[in-house]
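**Q** quick one, what's the 3D model for this:
(chains A, B and C)
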Amino acid sequence: MNPRQRLLKTADFDRALRSGRRAGSAYLALFVSDNEFGRPRVGFAVSRKLGNAVVRNRIKRRLRELVRPLAQSTEAGRDVVIVARPSAIEAEYARLRDDLSALWSQSVTRRTP
RNA sequence: CGAGUCCGCCAGGCAGCCGCGGCAGGAGCGCACCUGUCGAGGAAAGUCCGAGCUCCGCAGAGCAGGGUGCCGGGUAACACCCGGUCGGGGUAACCCGAAGGAGAGUGCCACAGAAAAGACACAGCCGGUGGCAACACCGGCGAAGGUGAAAUGGUGGUGGUAAGAGCCCACCAGCGGCCGGGAGACCGGCCGGCUAGGUAAACCCCACUCGGAGCAAGACCUAAUAGGAGGACGAAUCGGCUGGCUCGGCCGGUCCUCGGGUACGGUCGCUUGAGUCGUCGGGCAACCGGCGAACCAGACGGAUGGCUGCCCCUCCGGUGCGUGCCGGCUUCGGCCGGCGAGGCGGAGGACAGAACUCGGCUUAUCGGCGGACUCGCUCU
RNA sequence: GGCGAGUUAGCCAAGUGGUAAGGCAGAGGUCUGCAAAACCUCCACCGCGGGUUCGAAUCCCGCACUCGCCU
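**A** Numbers count the residues shown, from 1 in each chain, chains lettered A, B, ... in the order given. Presented below is the predicted three-dimensional model:
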């Protein structure tokens, strides 16, 4: 994922987490807010409580692979923070994929009211 | 064959599809595209030591405080490593040890016990005097006294005595002296007088050693307002700053010169190094030296991967199939039971992710490979 | 990434070498017609593992966990 698609600043994270729309499942929680770039930006939040560095990195790498096709096919300007929940550690890849695309279409692709 | 010890090494492999970061080159540029190339570990971990590097009044003296602690060597340095000494454990290979000083001082040693360090008292033994006796007084005696973790060296003695005792003798431990060996820790022998509780991971003494912080150190660049830096001269007092404190040091005032602190910003620091590999030589070894070769991660919401298939290793399950061995039955066609391997299905393949860089230590870890050695059993 | 502090009963905690105070909560009992209050009793592998010591919550070493500070 190239830097244009990533969410970088702490302020952007805070904006999405505080004022954004939310969608959740057993594995993940998404926080979405609007941006002015006309393309989505994605950031990940994986708590230290989920495991050591190896576990956390594996979660982020799998989520990054899953979110890449979704982000490339989305035209809307959205900042998305994906928070991993504890059950995501042992989740099967196909289940995680279905779960994320469902949450994505719920919260990101939907028009702003 | 079984059990075990030490040393070294590895950390699943291959393929397909889709991706990421650095560097170099390319068509039109720092973002986007293409090509090439490189891209986690033995512990990258914990941050427990030691260094490099950077800044801080340039680290100077004293006090306080910390660290280390058998000897010799290695090293940039170390609390690490190697070789040895002593002590402990193991049948052995081998392993473990914060291993200076309690004959400088202070403190503490609960309970129990006569007594816990001071030498006696208490209890007791022996002799004498008094008394019918219980006992009292005087003198001698030692470590013996149901304790305790520890009791005035220990054990033994038809030695010795009024009773006893290193009082005497033998051996062992300890101390001192002399001789011999060793670079030293220390070891061996002889002689002597008979002897000094433990605790220093309690304070402490001795020897050596340590300034403080840390790459979020620190340097530079771009905007406005407030303001700074360097040099010279002068500093009596006072005030302020500064590793914990003191001294010392620095700042304050005047003049001259220069020019912009600070961002959730950018660039540098940032990876060529006490490094790696090969080879030769020195050394028991740790390690050192010579020669040669290659350049081998540098991210910054943080890359080094995701998914699928096959193979490999381990474990489990099941008996439809072919097949091997053993036992039993047989009308010699086979049948029944058990075991092993293959094919089949399933599960598992560790601990763990660079963040300034090295040298160590410690901790985590499914397993596999190679070498040297010890003990037991068996065979030749 | 770096630096620092702390773990004692369910909760708050004292203790700094010699049987681990106290308060709240909980359980049982006395009292009462029943309760409350009061009184009595009970409730601790001192985070874990080693070591020093006769003896460790305390001293030393190693781990684990929790909480802070620095951009």
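
**Q** now the strands: where do they sit in chain A?
**A** A:21-24, A:28-34, A:41-45, A:78-84 (DSSP state E).

**Q** pLDDT of the first one, averaged?
**A** Predicted confidence along strand A:21-24 averages 86 (mean pLDDT).

**Q** do the same with stretch A:91-104
**A** Mean per-residue pLDDT for stretch A:91-104: 88.

**Q** pull the distance from it to the chain's centre.
**A** Centroid separation between stretch A:91-104 and its chain, computed with C-alpha atoms, centre = their mean, to the nearest Å, is 11 Å.

**Q** ok, the nearest residue to A:A102 once chain neighbours are set aside - contacts?
**A** With C-beta to C-beta, 6 or more residues apart in numbering as the criterion, A:A102 has its nearest non-adjacent residue at 7.5 Å, and that residue is A:S25. C-beta here means a position set from N, CA and C on the backbone, and glycine is covered the same way. Going by C-beta atoms under 8 Å, 6 or more residues apart in numbering, A:S25 touches A:D99, A:A102, A:L103.
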